[in-house]
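S.K.: below are the sequence and a predicted model; questions follow.
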Amino acid sequence: MLRIIDARTGEPAPAAPARRAPTRVEAHVPGRDATALRVLLVADLLVRALELDSTPAWAVLTGTAERDGPRKDAAALGIRPFEDGAAGPGPGTGQGVRVVGEVVGEGEAAGEGGDARDVATVAVAPVHPAAPDLADPDAVRLALLERHHHARVELDATALDEARATLAGLRRAVAGWARRPSRPVPGELRDRLRAAWEDDLDTPGVLRVLRQVETDPDLPDGARFEICAYADRFLGLHLTRDVGSPP
């Protein structure tokens with residue numbers, strides 16, 4: 001079962017109801033900066049993880065009157081659209097999860113806005129610099145995924161260059177593996193991937209599994225391809241983009 005660390009209590013909390021009612025995922029972004037973009041990314045990952053567990057999700061955007069800018073930035077990073085949403089769980093929803101920017105300060109609430117509603121809250125750590133370079137949005141997405149959302153991120157030129165090189169190499173490998181006969185995803189690796197993203201959206205853990213898959217001599221290439229395609233349903237990095245291109 002997907003669990004997140006509730007910023008209100010510091011304890012794990014389920015992100016899906018016991019019954020298959022929709023989970024309302026609220027992305028609260030008061031402005032347009034790199035941290036707000038990370039809030040939207042974490043909300044997107046939460047929706048993806050819920051859907052992979054066959055739990056319907058309703059994604060809404062709150063906290064800002066200027067919605068076009070954040071939506072444009074989110075679309076560049078492959079973040080799926082959010083509806084406009086007011087505070088509250090909404091009709092027909094079984095549970096709510098609120099994704100917010102972390103507030104740093106003694107005695108302050110764990111999430112941006114100081115909302116004390118009885119809704120599980122995911123607090124996302126800040127990103128520096130505040131104005132992200134979106135010239136290569138897939139590299140930005142990977143650079144953010146390389147760090148757990150509770151950890152601060154320096155989104156500098158070095159981090160983006162490393163992400164760009166990592167992504168290019170992985171896509172090249174996936175395209176090569178796709179030329180081999182397909183093989184099923186081994187159950188043990190599927191379980192490890194799910195265990196990572198169901199453990200508070202542990203994206204670094206998912207990426208570690210993919211790095212091990214890339215170098216494991218006992219895995220057939222067709223299985224490597226299917227594993228990466230499966231993991232990318234959560235990561236959203238377009239890992240199969242170069243399939244069919246010349247070697």
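M.R.: Structure received.
S.K.: separation between the residue positioned nearest the centre of the chain and residue 144?
M.R.: Centre of the chain computed as the mean C-alpha position; nearest residue by C-alpha atoms, centre = their mean is residue 45, 3.0 Å away. Residue 45 sits at a distance of 10 Å from residue 144 (criterion: C-beta to C-beta, to the nearest Å). For every residue, glycine as well, the C-beta is placed using N, CA and C.
S.K.: so the residue nearest to the centre of the chain touches residue 197, yeah?
M.R.: Yes: with contact defined as C-beta atoms under 8 Å, residue 45 and residue 197 form a contacting pair (7.5 Å).
S.K.: thinking again about what came up before, and what about the residue nearest to the centre of the chain, helix, strand or coil?
M.R.: Of the three states, residue 45 takes helix according to DSSP: H, G, I helix; E, B strand; the rest coil.
S.K.: which non-adjacent residue is nearest it?
M.R.: The shortest distance from residue 45 to any non-neighbouring residue, by C-beta to C-beta, 6 or more residues apart in numbering, is to residue 201 (5.1 Å).
S.K.: one more: residue 16?
M.R.: Setting aside the residues directly before and after it, residue 16 is nearest to residue 55 in space (C-beta to C-beta, 6+ apart), at 4.4 Å.
S.K.: sec struct for the one you found, please.
M.R.: With three-state DSSP as the basis, the three-state label of residue 55 is coil.
S.K.: check the burial of it by counting its neighbours.
M.R.: The local packing of residue 55 (other C-beta atoms under 10 Å) involves 21 other residues.
S.K.: how close does it get to residue 48?
M.R.: Residue 55 sits at a distance of 11 Å from residue 48 (criterion: C-beta to C-beta).
S.K.: quick revisit: quick one: contacts for the residue nearest to residue 16?
M.R.: Each residue near residue 55 by C-beta atoms under 8 Å, 6 or more residues apart in numbering is listed here: 2, 16, 17, 20, 22, 23.
S.K.: these into JSON lines, with extra columns for secondary structure?
M.R.: JSON lines is the format used below for the contacts of residue 55 (three-state DSSP):
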{"residue": "2", "secondary structure": "coil"}
{"residue": "16", "secondary structure": "coil"}
{"residue": "17", "secondary structure": "coil"}
{"residue": "20", "secondary structure": "coil"}
{"residue": "22", "secondary structure": "coil"}
{"residue": "23", "secondary structure": "strand"}
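S.K.: and the lowest-mean-pLDDT helix or strand in the chain, which strands flank it?
M.R.: Averaged element by element with mean pLDDT, DSSP states H and E, the chain has its least confident helix or strand at strand 83-84 (a mean of 89). Within its sheet, strand 83-84 is paired with strand 57-62 (parallel), according to DSSP bridges.
S.K.: run through who's touching the strand it pairs with.
M.R.: Contacts of strand 57-62 from elsewhere in the structure, counted by C-beta under 8 Å, 6+ apart, are 22-29, 40, 43-44, 46-47, 50-51, 67, 70-71, 80-87, 90, 93.
S.K.: and residue 132, what pLDDT?
M.R.: At residue 132 the predicted local confidence, pLDDT, stands at 87.
S.K.: so for it, what's the nearest residue that isn't a sequence neighbour?
M.R.: residue 34 (4.2 Å).
S.K.: wait, that neighbour sits on residue 134?
M.R.: No: taking contacts as C-beta under 8 Å, residue 34 lies outside contact range of residue 134: 9.6 Å.
S.K.: pLDDT weak spots in the protein?
M.R.: The chain contains residues with pLDDT under 70 at 18-20, 86-94, 103-117.
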